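**Student:** give me the fold of what follows.
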Amino acid sequence: MAALEIESADVVRLMLQYLKENNLTSTYESLQEETGVHMNVVENIDLFKSDVRHGHWDVVLKQVAHLRLPDATVMDLYEQIAIELIELKEMGAARSLLRQTDIMLKMKGSHPDRYLKLEALLGKPYFDPREVYATGTSKDSRRAAIAEALAKDVDVAPASRLLSLLQQALKWQAHTGSLPLGSQVDLFRGKAAATEVDDEAPPSSLSRTIKFGKSSHCESCVFSPDGQYLVTGTRDGLIEVWNYLTGKIRKDLRYQAEDRFMIMTSAVLALAFSRDSEMLASGSQDGQIKVWKVATGQVLRKFDRAHSQGISALLFAKDNSQLVSGSFDSCIKVHGLRSGKVLRELRGHGSFVNTISFLSDQSQLVSGSSDGTVKVWNYKTGAELASYDQFGTEEDSNNATINDVIVLPRRGDEFALCTRSKSLYIVNQGGQVVKSFTPDGKDKPDFLACYPSPRGEFLYGLADNKKLYCFRIETGDLEHTFEAHEREPIGLVHHPHANILATYSDDGQLRIWKA
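**Tutor:** You can find the predicted model right below:
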């Protein structure tokens, strides 16, 4: 479909109409002067002509003041008004119109005989229409002729056109899923304002299922911080942006509407958004990293050999100038997005780095590895500050593989920990277990992944028995559990400010759950 072309002058006219309707006169005049664009528009042409034909000159002059009209037409209008003022014996007003308005002074210079006739009429003690109007004409016919002349140079536009167009655009975005229905909108950025739900509640109802087919499945998944995008990375290297409300591909992104997608050379194992939701980083099994502009699908930066093995975790720095990556090569690297160079390497893990997360002030980085350790790093220098390897029971600690370390919302010095054991943990910055979460019963599963709710009221755990467990963090109680998939799950993510959860498995499905 061909792109619609919008003239810049039309945009200026929309702004002029808005300024005029809100009585921002000086700004209106300044914009006209600077752009050279004028708004020859009235809301209702029939009403405008009717005002002229009925001599509602106060209304007509107010509208004409904002129009760019030929001098000859404006002279005819002002001449008629002057004549009618004289007829009504409004000599002071007629005199002011003749001697103080720009258009009548222009008439005095260009059409002196015509102007002098009006001055003479002003000095007469009587008014005789036969002396004023030519044979076959009258006041009514003159008004009608002036109305038609003015109408030729005037366009029609409904009131509040700018706001109407914006509302139509927002309705279309809501229809296509770009904006959630009923959401407040950050109009300047074109996004829904991030708002928290009134009450957190555990998602338990299946809302949508996204199927990736028999030959592929979702390996990584992430919601954007503003809650607008759900992005998946698959085994075959495809990166897709979804409407999580409908479970459909986002067709409002032009490249996806044209069946062009963000893609990697191998399985996409890690995804991360920048804080402003504008950029997406993707890491693949062959050690490649790409940074994308989500709105266009354009590659902004590429690191072909970021690591010698697969990328397992990604994280943007607070100012979006740096990208942190963890890998199966047991190394953590800090990449400069402007320079494209590796700024720091954090070495110390003895096996795969599975997860990385910033502590609250982002001066420290915490990482988890298949070697069973959680390490805390000085982000600025790359120095290792602490290392912990004892969590829960001795059996759990000895066999631990750290799958997830996620800093808890509103508890910046504590993080949720998934160790591929029979419990989930809350651990403080000193490595001490603050709380543990274990399902009841004899046959306890091993947890594969965990994720906290946006406010930190709940902790979700995805286990190898294909079930999802929801624990209330404050009490440690198991609130809810249900079967999430038919085959072993891979991971889960929570929407940043809604009671929506996404789980994915090697059964080729991503399931979206809502409260």
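**Student:** show me what residue 344 is bridged to.
**Tutor:** residue 334 (DSSP bridges).
**Student:** contacting residues for residue 231?
**Tutor:** 221-224, 239-242, 271, 273, 280, 294 (C-beta atoms under 8 Å, 6 or more residues apart in numbering). (Each C-beta comes from the backbone N, C-alpha and C, glycine too.)
**Student:** of these, which is the most crowded?
**Tutor:** residue 280 (26 neighbours; other C-beta atoms under 10 Å).
**Student:** which SSE is residue 168 in?
**Tutor:** helix 161-176 (DSSP states H and E).
**Student:** so for stretch 274-290, mean pLDDT?
**Tutor:** The average pLDDT within stretch 274-290 is 95.
**Student:** pull out the buried residues from it.
**Tutor:** Across stretch 274-290, burial judged by 16 or more other C-beta atoms under 10 Å covers 274, 277-290.
**Student:** just the closest of these to residue 229, please.
**Tutor:** Using C-beta to C-beta, residue 277 comes nearest to residue 229 of the buried residues of stretch 274-290, at 6.8 Å.
**Student:** residue 38 - how many residues pack around it?
**Tutor:** Neighbour tally, residue 38, other C-beta under 10 Å: 16.
**Student:** repeat that for the one 5 residues further on.
**Tutor:** Residue neighbour count, defined by other C-beta under 10 Å, stands at 15 for residue 43.
**Student:** in JSON lines: the contacts of residue 231, plus distance to residue 448 and secondary structure.
**Tutor:** Listed next are the contacts of residue 231 as JSON lines, based on distance: C-beta to C-beta, whole Å; DSSP: H, G, I helix; E, B strand; the rest coil:
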{"residue": "221", "distance to residue 448": "14", "secondary structure": "strand"}
{"residue": "222", "distance to residue 448": "17", "secondary structure": "strand"}
{"residue": "223", "distance to residue 448": "19", "secondary structure": "strand"}
{"residue": "224", "distance to residue 448": "24", "secondary structure": "coil"}
{"residue": "239", "distance to residue 448": "23", "secondary structure": "strand"}
{"residue": "240", "distance to residue 448": "23", "secondary structure": "strand"}
{"residue": "241", "distance to residue 448": "25", "secondary structure": "strand"}
{"residue": "242", "distance to residue 448": "23", "secondary structure": "strand"}
{"residue": "271", "distance to residue 448": "18", "secondary structure": "strand"}
{"residue": "273", "distance to residue 448": "23", "secondary structure": "strand"}
{"residue": "280", "distance to residue 448": "24", "secondary structure": "strand"}
{"residue": "294", "distance to residue 448": "28", "secondary structure": "coil"}
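**Student:** with adjacent residues omitted, what lies nearest to residue 431?
**Tutor:** residue 388 (3.4 Å; C-beta to C-beta, 6 or more residues apart in numbering).
**Student:** same check on residue 478?
**Tutor:** residue 471 (5.7 Å).
**Student:** and the one you found, helix, strand or coil?
**Tutor:** strand (DSSP: H, G, I helix; E, B strand; the rest coil).
**Student:** from memory it sits against residue 425, does it?
**Tutor:** No. In this structure, residue 471 is not within contact of residue 425 by C-beta atoms under 8 Å, at 10.9 Å.
**Student:** any shared contact partners between these two?
**Tutor:** What both residue 471 and residue 425 touch, as defined by C-beta under 8 Å, 6+ apart, is the set residue 437.
**Student:** quick one, which of these two is more surrounded?
**Tutor:** Under the neighbour definition other C-beta under 10 Å, residue 471 and residue 425 were set side by side, and residue 471 has more, 27 against 23.
**Student:** helices of this structure, residue ranges please.
**Tutor:** Counting by DSSP state H, the chain has these helices, from start to end: 8-21, 25-35, 45-53, 57-64, 71-87, 91-100, 102-110, 112-123, 129-132, 139-152, 161-176, 254-257, 394-398.
**Student:** let's see the fifth one as CSV, backbone CA atoms only.
**Tutor:** Output of helix 71-87 as CSV, limited to C-alpha atoms (Å, rounded to 0.1, in the frame of the first residue of the first chain):
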residue,chain,number,x,y,z
ASP,A,71,-7.5,43.3,-1.9
ALA,A,72,-10.3,44.0,-4.4
THR,A,73,-12.7,41.7,-2.5
VAL,A,74,-11.8,43.2,0.9
MET,A,75,-12.2,46.7,-0.5
ASP,A,76,-15.7,45.8,-1.8
LEU,A,77,-16.6,44.5,1.7
TYR,A,78,-15.3,47.5,3.6
GLU,A,79,-16.9,49.9,1.1
GLN,A,80,-20.3,48.2,1.6
ILE,A,81,-19.9,48.3,5.4
ALA,A,82,-19.0,52.0,5.3
ILE,A,83,-22.0,52.8,3.1
GLU,A,84,-24.4,51.0,5.5
LEU,A,85,-22.8,52.8,8.5
ILE,A,86,-23.5,56.1,6.9
GLU,A,87,-27.0,55.0,6.1
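**Student:** packing partners of that helix?
**Tutor:** helix 57-64, helix 91-100, helix 102-110, helix 112-123, helix 139-152 (3 or more C-beta pairs under 8 Å, 6 or more residues apart in numbering; DSSP states H and E).
**Student:** the third one now?
**Tutor:** On a contact count with 3+ C-beta pairs under 8 Å, 6+ apart, helix 45-53 meets helix 57-64, helix 139-152.
**Student:** to residue 467, which of the ones you listed lies closest?
**Tutor:** That would be helix 57-64 among the helices and strands packed on helix 45-53, by C-beta to C-beta, at 70.2 Å.
**Student:** the closest one vs helix 71-87, what angle?
**Tutor:** Compare the direction of helix 57-64 with that of helix 71-87 by axes from the mean of the first three to the mean of the last three C-alpha atoms, to 10 degrees and you get 160 degrees.
**Student:** who's in contact with stretch 260-270?
**Tutor:** By C-beta under 8 Å, 6+ apart, the residues outside stretch 260-270 that reach it are 219-220, 233-240, 255, 280-286, 288, 290, 292, 297, 310-314, 325-326.
**Student:** likewise stretch 238-249?
**Tutor:** Against stretch 238-249 from outside (C-beta under 8 Å, 6+ apart): 176-177, 180-181, 207-210, 216, 223, 229-234, 250, 253, 256, 261-264, 268, 271, 280, 282, 292, 294, 495, 500, 502, 512.
**Student:** try it again at 7 Å.
**Tutor:** 177, 180, 208-210, 229-233, 250, 253, 256, 261-264, 268, 282, 294, 500, 512 (C-beta atoms under 7 Å, 6 or more residues apart in numbering).
**Student:** just the buried positions in stretch 330-349, please.
**Tutor:** Buried residues in stretch 330-349, defined by neighbour count with 16+ other C-beta under 10 Å: 330-335, 337, 344, 346, 348-349.
**Student:** quick one: furthest residue from the center of this structure?
**Tutor:** For the chain, the residue at maximal distance from the C-alpha centroid (C-alpha atoms, centre = their mean) is residue 125, at 70.3 Å.
**Student:** still on that earlier bit, who's the residue nearest to residue 478 bridged to?
**Tutor:** Counting by DSSP bridges, residue 471 forms beta bridges with residue 459, residue 478.
**Student:** look up how far residue 461 lies from it.
**Tutor:** Going from residue 471 to residue 461 by C-beta to C-beta, to the nearest Å gives 7 Å.
**Student:** next one: residue 490
**Tutor:** Counting by C-beta to C-beta, the gap from residue 490 to residue 461 is 14 Å.
**Student:** who has more neighbours out of these two?
**Tutor:** The neighbour comparison of residue 490 against residue 461 (other C-beta under 10 Å) goes to residue 461, with 27 against 20.
**Student:** so that one touches residue 450, yeah?
**Tutor:** Yes. With contact defined as C-beta atoms under 7 Å, residue 461 counts as touching residue 450 (4.8 Å).
**Student:** common neighbours of the two, please.
**Tutor:** Common neighbours of residue 461 and residue 450 (C-beta under 7 Å, 6+ apart) are 418, 424.
**Student:** gap between stretch 91-99 and the chain center?
**Tutor:** Relative to the chain's own centre, stretch 91-99 is displaced by 56 Å; criterion: C-alpha atoms, centre = their mean, to the nearest Å.
**Student:** was I right to think residue 491 contacts residue 447?
**Tutor:** No. Here residue 491 does not reach residue 447: they are 11.6 Å apart, not a contact under C-beta under 7 Å.
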